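Visitor: after the sequence you'll find the predicted model.
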Amino acid sequence: MGEIQRGGSRGGGFRGGRGGGLDRGGRGGFRGGRGGGSDRGGRGGFRGGRGGSDRGGRGGFRGGRGGSFRGGSDRGGRGGFRNGTPRDGFKGGKDNEDSIKKSEENNNQVKKTNNKRSADDLDDNIDTTWKKQKYDVDPNNEFENSDIENEENKTKKQPKPPRKTPKKKNLGDLDPSIEYMSKENQAIMFTRKNAEFLKLNTSNATSFKESQFIEPKEDIEDLSNFIKSLHPLLHTYPDRKKYKVQNGAPLVIIATCSATRAIGISKVLSEFNIFTKVGLYFAKHKKIEEHTEVLNNYPVRIIVGTPNRLLKLVENGSLKLKGSVLVQGDKKQQAQNALIETDEETRYLIVDKSFKTLKGEDLFRISGSDFFEFFDKSCKELVLSGKMKVSIV
């Protein structure tokens, strides 16, 4: 009586009721009910019901998990389908170990597939307003609009700045040709330019003579041949066994307007770089201390430079333009120097007027003031005394 009353009190019903049975009776009912069976009875019912014999199996429908039973013998196996995937076999049977493994593998696959969700599973009423938040901005709010524009500009790739156009090279830097001008015309031009750039009155201006200038011969059209006509030993030194040349005492001084033109002239005069070396003196690339050291330690026959740098080298004493280029030494050496056949005392100042820049500017237009300052301080006395000749080519 007691057993029946315990089971009946949890008796069946429509939903969730628990009902009769022997010894701790089973559970039953329509939905979720548990019911009937023997010892510690099984579970059963329509949805999620469980039933069977001794600690029985599970059966019925639960989310598409249906089929026959989880029942059978002692703590029996599971049966039926879940989402179309068969689950069968016994759990606890000694002779069915292979089927147990297969069922466990199938169970794992079912769990994985059930956790996956496709786009079709999503609800159509998903809130997508977050996508529009970036753009739903009050058009009257200048601060918000400016922030959005700044963000959009950051995301856009900035265009690369245009490459700087390289400077055009002046092919005239390597032009070996010279401009022919008679002695008379050279004297007139030089007198006028000297007074103009030094700002001299007519009474104070120096009037230069034709004899102080050299004109190229008619058959000479390039700078190299013109320099050869000035002196026979400019490509080499006098016999070093008999004569010694002073360091920093050139015979030919070529004044030009730029560093690139000076380099171009040195290339035009490449044949004079075999036994001697054409000296280059301008402000770019080298300091005046470096030029001073070179002139103080090495002899030179031809130099090319800009007027300003030439003047500074004369002022510090490293560039020697006065007197003979030969070292006088003792009386014996002086007597030996007197026997030399070439003129090692007269200097030649060549004005590179024929060269013009890309803008059509010549030496007088670019550095006329520097040139006549160099001439007035370093060369004028030599020209007036006949120890230096000028040539405008």
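Guide: Nice, I can see it.

Visitor: so what's residue 175 closest to, chain neighbours aside?
Guide: In this structure, residue 175 finds its nearest non-sequential neighbour in residue 355, 6.7 Å apart by Cβ to Cβ, 6 or more residues apart in numbering. (Each C-beta comes from the backbone N, C-alpha and C, glycine too.)

Visitor: ok, now how distant is the one you found from residue 288?
Guide: Distance, residue 355 to residue 288, by Cβ to Cβ, to the nearest Å: 24 Å.

Visitor: hang on, the earlier thing: mind listing what the residue nearest to residue 175 touches?
Guide: Residues in contact with residue 355, defined by Cβ atoms under 8 Å, 6 or more residues apart in numbering, are 172-173, 175, 256-257, 261, 362-363.

Visitor: would you list the buried entries among the residues you listed?
Guide: Those of these that meet the buried threshold are 173, 175, 256-257, 261, 362-363, by 16 or more other Cβ atoms under 10 Å.

Visitor: please flag which of these sit within strands.
Guide: Judged by DSSP state E, strands contain none of the buried ones among the contacts of residue 355.

Visitor: which ones among those residues lie within helices?
Guide: Secondary structure from DSSP state H places 261, 363 of the buried ones among the contacts of residue 355 in helices.

Visitor: hmm, residue 275 is touching residue 237, no?
Guide: Yes: applying Cβ atoms under 8 Å, one finds residue 275 in contact with residue 237, separated by 7.2 Å.

Visitor: quick one on the thing from earlier: name the nearest of the buried ones among the contacts of residue 355 relative to residue 195.
Guide: residue 363 (17.1 Å; Cβ to Cβ).

Visitor: OK, contacts around the spatially closest residue to the closest one that is not a sequence neighbour?
Guide: Closest residue to residue 363 apart from its sequence neighbours, by Cβ to Cβ, 6+ apart: residue 257 at 4.5 Å. Residue 257 makes contacts with 306, 352, 355, 357, 361-363, 366-367, as judged by Cβ under 8 Å, 6+ apart.

Visitor: how about 7 Å then?
Guide: Shown in contact with residue 257 (Cβ atoms under 7 Å, 6 or more residues apart in numbering): 306, 355, 363, 366-367.

Visitor: wait, which of those residues is closest to residue 223?
Guide: Lowest distance from residue 223 to the contacts of residue 257 (Cβ to Cβ) belongs to residue 355, with 10.1 Å.

Visitor: quick check on the closest one: phi, psi?
Guide: When read as degrees, to the nearest 10, the backbone of residue 355 gives phi -80, psi 140.

Visitor: does residue 219 belong to a helix, a strand or coil?
Guide: Under the three-state scheme (DSSP: H, G, I helix; E, B strand; the rest coil), residue 219 adopts coil.

Visitor: that one: neighbour count?
Guide: Using other Cβ atoms under 10 Å, the number of residues around residue 219 comes to 7.

Visitor: for residue 234, see how far away it is.
Guide: From residue 219 over to residue 234 (counting by Cβ to Cβ), the distance is 19 Å.

Visitor: kindly report the same for residue 370.
Guide: 26 Å.

Visitor: same check on residue 305?
Guide: 17 Å.

Visitor: between the two, tell me which one has more neighbours.
Guide: More crowded of residue 305 and residue 234, by other Cβ under 10 Å: residue 305, with 25 against 21.

Visitor: beta partners for the more buried one?
Guide: residue 255, residue 281 (DSSP bridges).
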